[in-house]
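Trainee: could you work out the structure for the sequence below:
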Amino acid sequence: MLTFSRFLNMPGGTETTVFDRHMIYVTCSLEALRISCYIFHVKSIQGIAIMPVIRVNDATFVDLKSVATWLGTETPSQTIDRLVREKMEQLGLERDDAPEEMMPRDVSSTASDEGDMEFRSAPGLSFTRVLDASVGGKTLGKANWSGVLLNVITATKKKNGMDAKTLCHELQIPSKPYEYVSEGYKYQSELGISIQGQSAQDAWKEIQRLADKHHVAVDVRFQWRENDKAQYPGRIGVLRAGK
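Mentor: All right, here's what the predicted structure looks like:
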(Lines give C-alpha, C1' and ligand atoms only; values in the text may rest on other atoms or scores of the structure.)
Protein backbone atom coordinates (compact mmCIF):
# COMPACT_ATOMS: atom_id res chain seq x y z
CA MET A 1 0.00 0.00 0.00
CA LEU A 2 1.32 3.46 -0.91
CA THR A 3 1.23 6.72 1.03
CA PHE A 4 1.33 10.13 -0.63
CA SER A 5 1.74 13.59 0.99
CA ARG A 6 -0.84 15.90 -0.59
CA PHE A 7 0.64 19.28 0.38
CA LEU A 8 3.84 20.16 2.25
CA ASN A 9 4.20 23.04 4.72
CA MET A 10 0.73 24.44 4.07
CA PRO A 11 -1.44 26.12 6.73
CA GLY A 12 -3.33 23.46 8.60
CA GLY A 13 -0.64 20.79 8.08
CA THR A 14 0.10 18.13 5.53
CA GLU A 15 -2.73 16.05 4.11
CA THR A 16 -1.81 12.40 3.59
CA THR A 17 -3.81 10.03 1.42
CA VAL A 18 -3.45 6.25 1.27
CA PHE A 19 -3.69 4.87 -2.26
CA ASP A 20 -5.11 1.56 -3.30
CA ARG A 21 -4.25 -0.23 -6.53
CA HIS A 22 -7.29 0.96 -8.45
CA MET A 23 -8.29 4.54 -7.68
CA ILE A 24 -6.88 7.45 -5.75
CA TYR A 25 -9.11 10.25 -4.51
CA VAL A 26 -7.25 13.34 -3.36
CA THR A 27 -9.15 16.42 -2.24
CA CYS A 28 -8.12 19.44 -0.20
CA SER A 29 -9.95 21.19 2.61
CA LEU A 30 -10.61 24.92 2.54
CA GLU A 31 -8.79 25.29 5.88
CA ALA A 32 -5.66 23.61 4.52
CA LEU A 33 -5.41 25.60 1.31
CA ARG A 34 -6.55 29.19 0.75
CA ILE A 35 -4.98 29.77 -2.66
CA SER A 36 -6.74 27.22 -4.83
CA CYS A 37 -8.21 23.74 -4.67
CA TYR A 38 -7.44 20.74 -6.83
CA ILE A 39 -9.72 17.74 -7.08
CA PHE A 40 -7.85 14.69 -8.38
CA HIS A 41 -9.16 11.42 -9.71
CA VAL A 42 -5.86 9.68 -10.30
CA LYS A 43 -5.02 6.24 -11.66
CA SER A 44 -1.36 6.82 -12.37
CA ILE A 45 0.84 4.95 -9.92
CA GLN A 46 3.01 2.15 -11.30
CA GLY A 47 1.57 1.88 -14.80
CA ILE A 48 -2.05 2.86 -14.11
CA ALA A 49 -3.35 5.58 -16.47
CA ILE A 50 -3.93 9.15 -15.25
CA MET A 51 -7.47 10.47 -14.86
CA PRO A 52 -8.47 14.14 -15.34
CA VAL A 53 -7.59 16.92 -12.87
CA ILE A 54 -10.11 19.69 -12.08
CA ARG A 55 -8.99 23.04 -10.65
CA VAL A 56 -11.52 25.27 -8.89
CA ASN A 57 -11.10 28.53 -7.03
CA ASP A 58 -11.87 29.16 -3.35
CA ALA A 59 -15.29 30.70 -4.01
CA THR A 60 -16.46 27.74 -6.07
CA PHE A 61 -15.16 25.32 -3.46
CA VAL A 62 -17.12 27.13 -0.75
CA ASP A 63 -20.21 26.94 -2.96
CA LEU A 64 -19.63 23.20 -3.43
CA LYS A 65 -19.59 22.77 0.35
CA SER A 66 -22.90 24.64 0.62
CA VAL A 67 -24.49 22.59 -2.17
CA ALA A 68 -23.14 19.39 -0.59
CA THR A 69 -25.03 20.21 2.61
CA TRP A 70 -28.32 20.36 0.71
CA LEU A 71 -27.59 17.27 -1.37
CA GLY A 72 -26.24 15.22 1.51
CA THR A 73 -23.03 14.38 -0.35
CA GLU A 74 -19.75 13.86 1.50
CA THR A 75 -17.02 14.82 -0.97
CA PRO A 76 -16.57 17.39 -3.77
CA SER A 77 -16.41 14.51 -6.25
CA GLN A 78 -19.81 13.17 -5.11
CA THR A 79 -21.32 16.66 -5.26
CA ILE A 80 -20.06 17.32 -8.80
CA ASP A 81 -21.19 13.86 -9.90
CA ARG A 82 -24.69 14.48 -8.54
CA LEU A 83 -24.98 17.90 -10.21
CA VAL A 84 -23.70 16.56 -13.54
CA ARG A 85 -26.10 13.59 -13.44
CA GLU A 86 -29.10 15.86 -12.76
CA LYS A 87 -28.14 18.31 -15.52
CA MET A 88 -27.62 15.49 -18.03
CA GLU A 89 -31.06 14.12 -17.20
CA GLN A 90 -32.58 17.56 -17.81
CA LEU A 91 -30.83 17.73 -21.20
CA GLY A 92 -31.78 14.18 -22.12
CA LEU A 93 -28.13 13.09 -22.23
CA GLU A 94 -26.67 9.84 -20.97
CA ARG A 95 -23.31 8.96 -19.55
CA ASP A 96 -20.71 7.24 -21.72
CA ASP A 97 -19.23 5.29 -18.85
CA ALA A 98 -19.43 1.66 -19.91
CA PRO A 99 -16.16 -0.16 -19.08
CA GLU A 100 -14.00 -1.51 -21.89
CA GLU A 101 -14.84 -5.12 -21.09
CA MET A 102 -18.49 -4.35 -21.79
CA MET A 103 -17.68 -3.18 -25.33
CA PRO A 104 -17.15 -6.29 -27.51
CA ARG A 105 -15.32 -5.66 -30.77
CA ASP A 106 -16.37 -8.77 -32.66
CA VAL A 107 -20.15 -8.59 -32.81
CA SER A 108 -22.28 -10.32 -35.43
CA SER A 109 -24.31 -7.86 -37.48
CA THR A 110 -26.12 -7.52 -40.81
CA ALA A 111 -26.84 -4.48 -42.95
CA SER A 112 -30.44 -3.42 -43.60
CA ASP A 113 -31.67 -1.96 -46.90
CA GLU A 114 -31.07 1.51 -45.44
CA GLY A 115 -27.48 0.62 -44.55
CA ASP A 116 -28.20 0.36 -40.81
CA MET A 117 -26.26 -2.27 -38.87
CA GLU A 118 -28.61 -4.79 -37.24
CA PHE A 119 -27.07 -6.62 -34.29
CA ARG A 120 -28.00 -10.01 -32.89
CA SER A 121 -26.00 -9.25 -29.73
CA ALA A 122 -25.25 -5.84 -28.29
CA PRO A 123 -22.16 -3.98 -29.56
CA GLY A 124 -20.39 -1.35 -27.49
CA LEU A 125 -22.98 1.34 -26.82
CA SER A 126 -20.78 4.06 -25.34
CA PHE A 127 -21.00 7.34 -27.28
CA THR A 128 -24.39 6.50 -28.80
CA ARG A 129 -27.68 8.36 -29.00
CA VAL A 130 -31.11 6.87 -29.64
CA LEU A 131 -32.65 8.06 -32.90
CA ASP A 132 -36.04 6.37 -32.52
CA ALA A 133 -37.52 3.49 -30.56
CA SER A 134 -40.72 1.59 -29.95
CA VAL A 135 -41.88 -0.51 -26.98
CA GLY A 136 -44.82 -2.88 -27.26
CA GLY A 137 -45.56 -1.55 -30.74
CA LYS A 138 -45.83 2.03 -29.50
CA THR A 139 -43.38 4.58 -30.90
CA LEU A 140 -41.70 6.66 -28.23
CA GLY A 141 -41.48 10.41 -28.53
CA LYS A 142 -38.16 11.89 -27.45
CA ALA A 143 -36.34 8.63 -26.83
CA ASN A 144 -33.08 7.90 -25.05
CA TRP A 145 -31.71 4.72 -23.47
CA SER A 146 -33.11 5.47 -20.02
CA GLY A 147 -36.50 6.33 -21.55
CA VAL A 148 -36.64 3.01 -23.39
CA LEU A 149 -35.72 1.21 -20.17
CA LEU A 150 -38.46 2.97 -18.20
CA ASN A 151 -41.04 2.12 -20.85
CA VAL A 152 -40.04 -1.54 -20.77
CA ILE A 153 -40.22 -1.55 -16.97
CA THR A 154 -43.67 0.08 -17.15
CA ALA A 155 -44.85 -2.54 -19.66
CA THR A 156 -43.48 -5.31 -17.42
CA LYS A 157 -45.30 -3.92 -14.40
CA LYS A 158 -48.64 -3.58 -16.22
CA LYS A 159 -48.40 -6.98 -17.88
CA ASN A 160 -47.79 -8.78 -14.59
CA GLY A 161 -49.73 -6.56 -12.19
CA MET A 162 -46.68 -6.02 -9.99
CA ASP A 163 -46.58 -3.79 -6.93
CA ALA A 164 -43.51 -1.67 -6.19
CA LYS A 165 -41.77 -4.28 -4.02
CA THR A 166 -42.34 -7.10 -6.51
CA LEU A 167 -41.18 -4.91 -9.38
CA CYS A 168 -37.92 -4.03 -7.61
CA HIS A 169 -37.35 -7.71 -6.91
CA GLU A 170 -37.80 -8.45 -10.62
CA LEU A 171 -35.29 -5.80 -11.75
CA GLN A 172 -31.59 -6.54 -12.00
CA ILE A 173 -30.55 -2.90 -11.76
CA PRO A 174 -30.34 -0.93 -8.49
CA SER A 175 -33.86 0.09 -7.42
CA LYS A 176 -35.82 0.82 -4.27
CA PRO A 177 -39.60 0.43 -3.66
CA TYR A 178 -39.90 3.96 -2.28
CA GLU A 179 -38.82 7.51 -3.02
CA TYR A 180 -35.04 7.88 -2.89
CA VAL A 181 -33.05 10.62 -4.65
CA SER A 182 -29.47 10.11 -3.50
CA GLU A 183 -26.55 8.17 -5.03
CA GLY A 184 -27.76 8.68 -8.59
CA TYR A 185 -31.31 7.40 -7.94
CA LYS A 186 -34.36 9.12 -9.40
CA TYR A 187 -37.90 8.56 -8.19
CA GLN A 188 -40.32 7.36 -10.86
CA SER A 189 -43.72 8.32 -9.46
CA GLU A 190 -45.70 6.42 -12.11
CA LEU A 191 -43.89 3.22 -11.10
CA GLY A 192 -43.73 3.94 -7.38
CA ILE A 193 -40.03 3.07 -7.29
CA SER A 194 -36.64 4.77 -7.44
CA ILE A 195 -34.11 3.64 -10.04
CA GLN A 196 -30.41 4.38 -10.24
CA GLY A 197 -29.12 5.84 -13.50
CA GLN A 198 -27.52 3.37 -15.92
CA SER A 199 -25.03 3.62 -18.76
CA ALA A 200 -26.37 2.90 -22.24
CA GLN A 201 -24.74 -0.55 -22.13
CA ASP A 202 -26.31 -1.51 -18.80
CA ALA A 203 -29.66 -0.01 -19.77
CA TRP A 204 -29.84 -2.15 -22.93
CA LYS A 205 -28.78 -5.26 -21.00
CA GLU A 206 -31.80 -4.86 -18.71
CA ILE A 207 -34.09 -3.82 -21.57
CA GLN A 208 -33.24 -6.99 -23.46
CA ARG A 209 -33.57 -9.24 -20.41
CA LEU A 210 -36.99 -7.88 -19.42
CA ALA A 211 -38.26 -7.74 -23.01
CA ASP A 212 -37.27 -11.33 -23.75
CA LYS A 213 -38.58 -12.66 -20.44
CA HIS A 214 -41.94 -10.88 -20.52
CA HIS A 215 -42.42 -10.81 -24.31
CA VAL A 216 -42.38 -7.04 -24.74
CA ALA A 217 -41.41 -6.10 -28.31
CA VAL A 218 -38.62 -3.52 -28.42
CA ASP A 219 -36.96 -1.87 -31.41
CA VAL A 220 -34.19 0.70 -31.00
CA ARG A 221 -32.41 2.57 -33.76
CA PHE A 222 -29.34 4.42 -32.57
CA GLN A 223 -26.23 6.18 -33.82
CA TRP A 224 -22.65 6.32 -32.63
CA ARG A 225 -21.28 9.81 -32.17
CA GLU A 226 -18.27 10.96 -34.18
CA ASN A 227 -15.85 10.01 -31.44
CA ASP A 228 -12.64 8.01 -31.81
CA LYS A 229 -13.61 5.93 -28.77
CA ALA A 230 -16.96 4.90 -30.28
CA GLN A 231 -17.08 1.40 -31.73
CA TYR A 232 -18.45 2.51 -35.11
CA PRO A 233 -18.18 6.34 -35.28
CA GLY A 234 -21.05 7.89 -37.22
CA ARG A 235 -22.72 4.57 -38.08
CA ILE A 236 -26.36 3.70 -37.32
CA GLY A 237 -27.29 0.50 -35.53
CA VAL A 238 -30.49 -1.40 -34.75
CA LEU A 239 -31.25 -3.62 -31.75
CA ARG A 240 -34.39 -5.67 -31.18
CA ALA A 241 -35.68 -7.70 -28.25
CA GLY A 242 -38.80 -9.46 -27.02
CA LYS A 243 -39.68 -11.09 -30.34
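Trainee: which stretches of this protein form helices?
Mentor: With DSSP state H as the criterion, the chain has helices at 58-71, 76-91, 145-160, 164-170, 200-214.
Trainee: which strands and helices sit next to the last one?
Mentor: In other words, helix 200-214. helix 145-160, strand 218-224, strand 236-241 (3 or more CB pairs under 8 Å, 6 or more residues apart in numbering; DSSP states H and E). Every residue, glycine included, has its C-beta placed from N, CA and C.
Trainee: could those go into JSON lines alongside distance to residue 189?
Mentor: JSON lines is the format used below for the helices and strands packed on helix 200-214 (distance: least, CB to CB, whole Å):
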{"stretch": "helix 145-160", "distance to residue 189": "12"}
{"stretch": "strand 218-224", "distance to residue 189": "23"}
{"stretch": "strand 236-241", "distance to residue 189": "26"}
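Trainee: residue 180 against residue 192, yeah?
Mentor: No - if you go by CB atoms under 8 Å, residue 180 and residue 192 don't touch, sitting 11.8 Å apart.
Trainee: circling back: save the helices and strands packed on helix 200-214 as TSV, and put in distance to residue 75 and mean pLDDT too.
Mentor: Listed next are those as TSV, based on distance: least, CB to CB, whole Å; pLDDT from 0 to 100:
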stretch	distance to residue 75	mean pLDDT
helix 145-160	25	96
strand 218-224	33	97
strand 236-241	37	97
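Trainee: which of these has the highest mean neighbour count?
Mentor: strand 218-224 (a mean of 22; mean count of other CB atoms under 10 Å).
Trainee: which neighbouring elements make contact with that one?
Mentor: strand 128-135, helix 145-160, helix 200-214, strand 236-241.
Trainee: export those to CSV and tack on distance to residue 116?
Mentor: Shown next, in CSV, are the helices and strands packed on strand 218-224 (distance: least, CB to CB, whole Å):
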stretch, distance to residue 116
strand 128-135, 10
helix 145-160, 17
helix 200-214, 16
strand 236-241, 5
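Trainee: mind checking the end-to-end distance for stretch 129-146?
Mentor: Using CA to CA, to the nearest Å, the span of stretch 129-146 from its first residue to its last is 11 Å.
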